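Participant: show me how the following folds:
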Amino acid sequence: MKWNRAERWTDPSRLHSLLLAVFFFLGIGAGVVCAGRISGDVERELTTYLTDYLALAQSQDLGISVVCSLTLLYLQGPVLAFLCGVCSAGILLLPLLAAAAGFFPAYAAGCLTASFGGRGLLLALAFFGFRCLVTVPCFFLLAAPAMGRAAALRGLSRGRRGAAFSACGRGCWLGFGIVCLILCLGAWIELRLSPFLLRALLERFF
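Facilitator: Numbering: from 1, shown residues only. Sure thing, here's the model as predicted:
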């Protein structure tokens, strides 16, 4: 029994997930620290941005550029994580990508909270809460296996690397496709629901 527990904790997939989680939370911590050092100019820029967003939400003008931009925001982190499994350098890139995935939402939320207090926290939840709820699990679902593939590629000769990645199999690509569909669905839901929630908050506080 003790050996089984030890094997579970030393399982490469668990270790990869743990390493990515550590870098993710380090990124969150760095984002919070950096957000605490913002200047008054950032507060004015945020106020202008929120005012412009309220005007856009009231007009309900969601063009194709808005749809594409939001969909790209959902897809970029998980897709990059999956692609990092193609090369042996992914073993170094994935922890940095995990740190970035934690840093940017934490920094943005920290800026809003530092500028507007409790109101900023509510706005941060409205802006990023649902998005992070969808993208963060999808990121780890793709990043942990990708790190295992990158580690395997690192130990192979250059001629065998293509064969090793092609051995990922149909299930790997099917999982990638399902995750992408989930991300696109999340972007569609945010486009439908978030403007109403944000408009209610912005009209009340700004």
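Participant: now do the helices in the chain.
Facilitator: Taking DSSP state H to define them, one finds helices in the chain at 2-9, 12-35, 40-59, 64-83, 90-116, 118-124, 130-154, 158-166, 169-205.
Participant: show me what the fifth one is packed up against.
Facilitator: When contacts are defined as 3 or more Cβ pairs under 8 Å, 6 or more residues apart in numbering; DSSP states H and E, helix 90-116 packs onto helix 12-35, helix 40-59, helix 64-83, helix 118-124, helix 130-154. Heads up, the C-betas are built off the backbone N, CA and C, glycines and all.
Participant: who touches the nearest residue to Leu121 once chain neighbours are set aside in this structure?
Facilitator: Nearest non-adjacent residue to Leu121, counting by Cβ to Cβ, 6 or more residues apart in numbering: Thr113, 4.9 Å away. Applying Cβ atoms under 8 Å, 6 or more residues apart in numbering, one finds that Thr113 lies in contact with Ala35, Gly120, Leu121, Ala124.
Participant: return the member of those nearest to Ala109.
Facilitator: Ala109 has its nearest neighbour among the contacts of Thr113 in Ala124, at 3.6 Å by Cβ to Cβ.
Participant: picking up where we left off before, tell me the buried residues within the contacts of Thr113.
Facilitator: Ala35, Gly120, Ala124 (16 or more other Cβ atoms under 10 Å).
Participant: flag the least confident of these.
Facilitator: Ranked by pLDDT, the buried ones among the contacts of Thr113 bottom out at Gly120, which has 79.
Participant: so how far is Leu112 from that residue?
Facilitator: Gly120 sits 4 Å away from Leu112, taking Cβ to Cβ, to the nearest Å as the criterion.
Participant: likewise for Leu20?
Facilitator: Leu20 is 26 Å from Leu112, by Cβ to Cβ.
Participant: same deal with Ala126?
Facilitator: For Ala126, the distance to Leu112 - Cβ to Cβ - is 10 Å.
Participant: repeat for Ser17
Facilitator: For Ser17 relative to Leu112 (Cβ to Cβ), the value is 30 Å.
Participant: one more: Gln76?
Facilitator: Taking Cβ to Cβ, one finds Gln76 at 21 Å from Leu112.
Participant: those two - which one has more neighbours?
Facilitator: Leu112 (25 against 15; other Cβ atoms under 10 Å).
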